[in-house]
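1. Fold the stuff below for me.
(2 chains)
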2 protein chains.
Amino acid sequence: MTDLRKTVERFWAAAEARDWDAFAGTLAEDVVYTLPQTRETITGRERYVQFNREYPGDWHLRVERIVAEPGQVVTWLHFTVGLDEMYAISFFTGTDSGRIASITDFWPEPYEPPAGRDHLTERS
Amino acid sequence: MTDLRKTVERFWAAAEARDWDAFAGTLAEDVVYTLPQTRETITGRERYVQFNREYPGDWHLRVERIVAEPGQVVTWLHFTVGLDEMYAISFFTGTDSGRIASITDFWPEPYEPPAGRDHLTERS
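-> This is a model prediction of the structure:
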């Protein structure tokens, strides 16, 4: 079985390099992309490559952490667009041939801590 | 080596059951909990158990997905408090003895999709 971890590493390297042919090569033809926060879905390699190619801004990414088991991978990215910094967490599943079958992305935003717990926490 | 995946499964089952002794038993004494979205950190088993025990609301959790490799685990939870539904994504690392050494939580919130991409997406 092809190693899905290596496929996902190539996927993010190709995105950062805007190498859309290499990017498409990591994807199953019927790949499904899901954003639970917006309830959006994109189906199919062609549309998903277009979505990424058209994504606005001079964005850059760095993989902070990757956790993999056979057929499943998770990445935690540090993502920048100009001075904005974000995290992205992505869950991948793979096909038998080691391509990416599904991607589910989460984009958590900063928020203020609720009151009443600063006796337990430190803040950086 | 003790299986960190099993430890994390016991951690979430104990939290859901409010079994704080079993919950504490999954943690290293110097466990570090980090919330990057609020920049909060909690250090030490005692404080971290107290933080969870005092967490307000009649919350309930269900593990949607778990991805594990030796020494690292990620969970994706479906979390409810009354009628509110949330996702939580947690990255775990383990000690040599299979306890939880660190936890990093992300709580992504729903948002509206940006304009200009509905030619590619479907919305549920």
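2. list the contacts for A:T41?
-> For A:T41, the contact set (Cβ atoms under 8 Å, 6 or more residues apart in numbering or on different chains) comprises A:V32, A:Y33, A:T34, A:L35, B:T121, B:E122, B:R123, B:S124. Where you see a C-beta, it was placed from the backbone N, CA and C, and this is true even at glycine.
3. for the closest residue to the fourth one other than its chain neighbours, what are its contacts?
-> Nearest in space to A:L35, with sequence neighbours left out and distances taken as Cβ to Cβ, 6 or more residues apart in numbering or on different chains, is A:D105 at 5.5 Å. The contact partners of A:D105, taken as Cβ under 8 Å, 6+ apart, are A:Y33, A:T34, A:L35, A:A88, A:I89, A:S90.
4. Which one of the residues you listed is nearest to chain B?
-> A:I89 (5.1 Å; Cβ to the nearest Cβ).
5. Can you say which of the contacts of A:T41 are buried?
-> A:V32, A:Y33, A:T34, A:L35, B:T121 (16 or more other Cβ atoms under 10 Å in any protein chain shown).
6. helix/strand/coil for the first one?
-> With DSSP: H, G, I helix; E, B strand; the rest coil as the basis, A:V32 sits in strand.
7. and the closest residue to it other than its chain neighbours, helix, strand or coil?
-> For A:V32, ignoring the flanking residues on the chain, the nearest one in space by Cβ to Cβ, 6+ apart is A:S102 at 4.8 Å. Three-state assignment for A:S102 (three-state DSSP): strand.
8. burial count for A:S102?
-> Here the number of neighbours of A:S102 (other Cβ atoms under 10 Å in any protein chain shown) works out to 16.
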